[in-house]
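Undergrad: here are the coordinates; sequence isn't available:
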């Protein structure tokens with residue numbers, strides 16, 4: 001299961017899917033498009049915003065927000 005946000009994601013994920021098929025043909029790859037409201041999100045961007053002290057609560061589940069804040073040494 002691979003999530004796609006923008007066209008450039010598809011190019012990389014398709015390449016990986018073709019390699020995976022060559023290695024294990026019996027395991028399918030499925031692509032899901034993200035909701036337009038979240039197409040701009042990436043884990044790198046969320047980490048960067050969190051590290052800068054920004055509020056990421058609307059982008060990730062509470063458990064992820066807490067774990068990331070702890071990892072980055074933020075005490076909210």
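TA: The structure has been received and is ready for your questions. Fair warning: this is a prediction, and the values are worked out from it, not measured in the lab. Numbers count the residues shown, from 1 in each chain.

Undergrad: and residue 43, how many neighbours?
TA: Neighbour count of residue 43, defined by other Cβ atoms under 10 Å: 10. Using the backbone N, CA and C atoms, a C-beta is placed for each residue, glycine as well.

Undergrad: any idea how far it lies from residue 68?
TA: Noted for residue 43: a distance of 9 Å to residue 68, by Cβ to Cβ, to the nearest Å.

Undergrad: got it, and residue 33?
TA: With Cβ to Cβ as the criterion, residue 33 and residue 68 are 25 Å apart.

Undergrad: who has more neighbours, these two?
TA: Remark: of residue 33 and residue 68, residue 68 carries more neighbours, 18 against 12, as counted by other Cβ under 10 Å.

Undergrad: List the buried residues for stretch 10-22?
TA: For stretch 10-22, a neighbour-count test (16 or more other Cβ atoms under 10 Å) marks residue 17 as buried.

Undergrad: er, stretch 61-69 actually
TA: Buried positions in stretch 61-69, judged by neighbour count with 16+ other Cβ under 10 Å: 65, 68-69.

Undergrad: Now find how far off-centre it is within its chain.
TA: 14 Å (Cα atoms, centre = their mean, to the nearest Å).

Undergrad: Quick check: mean pLDDT of it?
TA: Averaged over stretch 61-69, pLDDT sits at 95.

Undergrad: can you check stretch 10-20 too?
TA: Computed over stretch 10-20, the average pLDDT equals 95.

Undergrad: Would you map the helices across the chain?
TA: Taking DSSP state H to define them, one finds helices in the chain at 7-23, 43-51, 62-71.

Undergrad: export those to CSV and tack on distance to residue 1?
TA: Below are those laid out as CSV (distance: least, Cβ to Cβ, whole Å):
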stretch, distance to residue 1
helix 7-23, 11
helix 43-51, 16
helix 62-71, 18
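
Undergrad: Which one of the ones you listed lies nearest to residue 29?
TA: Nearest to residue 29, of all the helices of the chain, is helix 7-23, at 3.9 Å by Cβ to Cβ.

Undergrad: Now find how far off-centre the closest one is within its chain.
TA: 16 Å.

Undergrad: Can you name every helix or strand that that helix contacts?
TA: Under the contact criterion of 3 or more Cβ pairs under 8 Å, 6 or more residues apart in numbering; DSSP states H and E, helix 7-23 touches strand 2-4, strand 31-33.
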